[in-house]
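# what follows is a predicted structure for the sequence shown.
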Amino acid sequence: MRKYEAVIFDLDGTLLDTLEDLKDAVNYVMRKHDFPEHSLESIRKAVGNGIRKLMERSVPKETTKEKFEVVFSDFCIYYKDNCKKKTKPYEGVAALVKKLREEGYKLAVVSNKNDEAVKEIIPYYFGEMFDVTVGAKEEIAKKPAPDMTLYALEQLGVAKENAVYIGDSQVDVKTAENVGMEGIFVTWGFRDREELKEAGAKEFADDAIQLYDKIRKESGTFV
């Protein structure tokens, strides 16, 4: 009998490489408002807590609240229209998701990205592979609070003891810990293995096949 009934995935940095599109959107808004632009590495360090926090970390410190709201609105409008230009699934991830679906795992995405964007992006890249998608909404606390993940588990009808959380960041490590569920953390995303270790991660996957093996608790292949 297999260990897990369900797999909960983070989105940015885990399923999809969204960094280039995020950088382009941030820098479009920075140019528009005569703010300094950011490197890819700078954006990498700023992501993980949702787009509002990304923008708070991107604007100059002296930016007023009123000005920030204008900048943030401009970012949201631009990113919504340009979020799929360079974004792509990480190598092997689409095949992994398809194989897990075929094998009867229940699948969910839990992301700090805006809920509207999540519900648009997931079908675009993965069709109907996911049973539940949960993005950031005002009425539910964002990760690393457990609320979004617990909601996803409730929708799936699976106890946390029978599910595994897959993520790529310190936020994800803390989320799994706060939910009280097991986690596997990928090293191809926005944080490296050492950063994840420092956050308390213990189980890692370096590629999609290794992740598949660890989810199944035995060696296999989907290639």
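That came in fine, so what should we check first?

# buried ones in the helix or strand harbouring Glu120?
For Glu120, the host element (DSSP states H and E) is helix 115-126. Under the neighbour-count criterion of 16 or more other CB atoms under 10 Å, helix 115-126 has 115, 117-118, 121-122, 125-126 buried. Backbone N, C-alpha and C define where each C-beta goes, glycine included.

# contacts for it?
Identification of contacts with helix 115-126 by CB atoms under 8 Å, 6 or more residues apart in numbering yields 11, 15-16, 79-80, 83-84, 87-89, 94, 97, 109, 111, 113, 130, 133-137.

# go again using 6 Å as the cut-off
Residues from elsewhere that reach helix 115-126 (CB atoms under 6 Å, 6 or more residues apart in numbering): 89, 97, 109, 111, 130, 133, 135-137.

# how big is the angle separating the longest helix anywhere in the chain from helix 115-126?
Longest helix in the chain by number of residues (criterion: DSSP state H): helix 65-82. Relative orientation of helix 65-82 versus helix 115-126 (axes from the mean of the first three to the mean of the last three CA atoms, to 10 degrees): 20 degrees.

# which strands or helices does helix 65-82 pack on?
Applying 3 or more CB pairs under 6 Å, 6 or more residues apart in numbering; DSSP states H and E, one finds that helix 65-82 contacts helix 19-32.

# what angle separates the helix it packs on from helix 65-82?
Calculated by the same axes, to 10 degrees, helix 19-32 forms an angle of 130 degrees with helix 65-82.

# numbering from 30 from now on, please.
Will do, 30 is the new start, and the previous item becomes helix 48-61.

# now helix 48-61: buried residues?
Buried, per 16+ other CB under 10 Å, within helix 48-61: 48, 50-59.

# which of those residues lies closest to Pro65?
Met59 (6.4 Å; CB to CB).

# residues contacting the closest one?
Met59 makes contact with Glu66 under the criterion CB under 6 Å, 6+ apart.

# please apply the same query to Tyr180.
Val163.

# and for the one 3 residues further on?
Under the criterion of CB under 6 Å, 6+ apart, Glu183 has no neighbours.

# quick check, Gly164 in a helix?
No - using DSSP: H, G, I helix; E, B strand; the rest coil, the secondary structure at Gly164 is strand, not a helix.

# which helix or strand contains Lys243?
helix 237-245.

# got any ranges where the chain has weak pLDDT?
30-31, 247-252 (pLDDT under 70).

# where exactly do the helices run in it?
Remark: helices assigned in the chain by DSSP H are 48-61, 69-75, 80-87, 94-111, 122-131, 144-155, 176-185, 199-208, 222-228, 237-245.

# could you tell me the angle between the fourth one and helix 80-87?
In this case it means helix 94-111. Counting by the same axes, to 10 degrees, helix 94-111 lies at 120 degrees to helix 80-87.

# can you list the residues that contact helix 94-111?
For helix 94-111, contacts defined as CB under 6 Å, 6+ apart pick out 54, 57-58, 62, 84, 88.

# gap between that helix and the chain center?
Helix 94-111 sits 20 Å away from the centroid of its parent chain (CA atoms, centre = their mean, to the nearest Å).
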